[in-house]
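# turn this into a model:
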Amino acid sequence: MVQSPALPTPAREILATLDKWSPVAPAQRRLKGEYEAFLRRTRAPALARNGGPEHLTGSCFVLTPDLSRVLLCFHRKGQFWVQLGGHVEPGDASVAAAAYREAREEGGITDLRPFGSMPLNLDRHSLSSGFGACRVHWDVGYMAFADVDAVPVVSLESEAVAWFDVEGLPAQVPEGFPERLLTILDELAHRRGPDGADVQTGLGTF
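Residues are numbered from 1 along each chain as shown. Predicted structure coming up:
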């Protein structure tokens, strides 16, 4: 297990988590190695919003239990529909905790059922000037379940929050978003048993 006493707790946690994670997709395995190198090189600023133009963020893909619908927010800065998530804050114990906190804050659904502390996807992407000093987000994607009749509430960072069919996403999504969602669903399928039961997920609250 990879740990370093010089790193803050969330950075140690995500390095240890990535060390244990073996993604299904080859591209994700390559990207995982790049994330680990970035964390070791950048150290504490890797998780800080003001630590530099490139840093880790945590995302939460909220889906219905039957995986047919996904909850998206219309991002005020980006002007697109995207999953819930954001920066790691000083009070967050881990990147996973940050992702689930952001999901509750941005989606307004308190009854989320987190799908463990292991990532389902990594996505490094550049940002437009509308995101201020942030230039590259090294995003770590997690997942949570919510009932389809759960009513979302718009936050200050979003213009709208709504459910969409997984096979009927809105036109205004970031480049590569549909592919990222498919990668997450594929990863999820490999973590479930043949009867659809969750396997080794650490399902719990954060």
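# biggest helix in the chain, by residue count?
helix 26-42 (DSSP state H).
# low-scoring stretches of this protein, by residue?
1-8, 128-132, 193-206 (pLDDT under 70).
# tell me where this protein has strands.
54-63, 69-75, 80-82, 84-87, 113-114, 121-126, 136-145, 158-165 (DSSP state E).
# go through those and name the closest to Lys32.
strand 121-126 (6.2 Å; C-beta to C-beta). C-beta: built from backbone N, CA, C; applies to glycine.
# and the closest one, what does it pack against?
helix 26-42, strand 136-145, helix 177-190 (3 or more C-beta pairs under 8 Å, 6 or more residues apart in numbering; DSSP states H and E).
# the longest one to strand 54-63, inter-axis angle?
Translated: helix 26-42. Interaxial angle, helix 26-42 versus strand 54-63 (axes from the mean of the first three to the mean of the last three C-alpha atoms, to 10 degrees): 140 degrees.
# sorry, back to before: and the strands of the chain, which is most packed in?
Mean neighbours per residue, mean count of other C-beta atoms under 10 Å, is largest over the strands of the chain for strand 54-63, with a mean of 25.
# quick one: strands adjacent to that one?
strand 69-75 (antiparallel), strand 84-87 (antiparallel), strand 136-145 (parallel) (DSSP bridges).
# want to throw the ones you listed into JSON lines with distance to Thr110?
Below are the strands paired with strand 54-63 laid out as JSON lines (distance: least, C-beta to C-beta, whole Å):
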{"stretch": "strand 69-75", "distance to Thr110": "13"}
{"stretch": "strand 84-87", "distance to Thr110": "13"}
{"stretch": "strand 136-145", "distance to Thr110": "11"}
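# who wins for proximity to Arg40 among those strands?
Among those, strand 136-145 comes nearest to Arg40, with 12.9 Å by C-beta to C-beta.
# report the backbone C-alpha coordinates of that closest one in CSV.
Extracted in CSV, the C-alpha atoms of strand 136-145 (Å, rounded to 0.1, in the frame of the first residue of the first chain):
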residue,chain,number,x,y,z
VAL,A,136,-6.9,21.3,-15.5
HIS,A,137,-9.1,19.1,-13.3
TRP,A,138,-7.8,15.6,-12.5
ASP,A,139,-11.3,14.3,-11.7
VAL,A,140,-12.0,11.1,-9.7
GLY,A,141,-15.5,9.7,-10.4
TYR,A,142,-17.6,7.9,-7.8
MET,A,143,-21.2,6.8,-7.9
ALA,A,144,-24.3,6.9,-5.7
PHE,A,145,-27.9,5.7,-6.0
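# quick one: contacts for the nearest residue to Tyr142 once chain neighbours are set aside?
Leaving aside its sequence neighbours, Tyr142 sits nearest to Ala99 (C-beta to C-beta, 6 or more residues apart in numbering; 4.6 Å). Residues in contact with Ala99 (C-beta atoms under 8 Å, 6 or more residues apart in numbering) are 58-60, 85, 140-142.
# repeat the analysis, applying 7 Å as the threshold.
58-60, 85, 142 (C-beta atoms under 7 Å, 6 or more residues apart in numbering).
# same question, Arg180
So Arg180 contacts 121, 123 (C-beta under 7 Å, 6+ apart).
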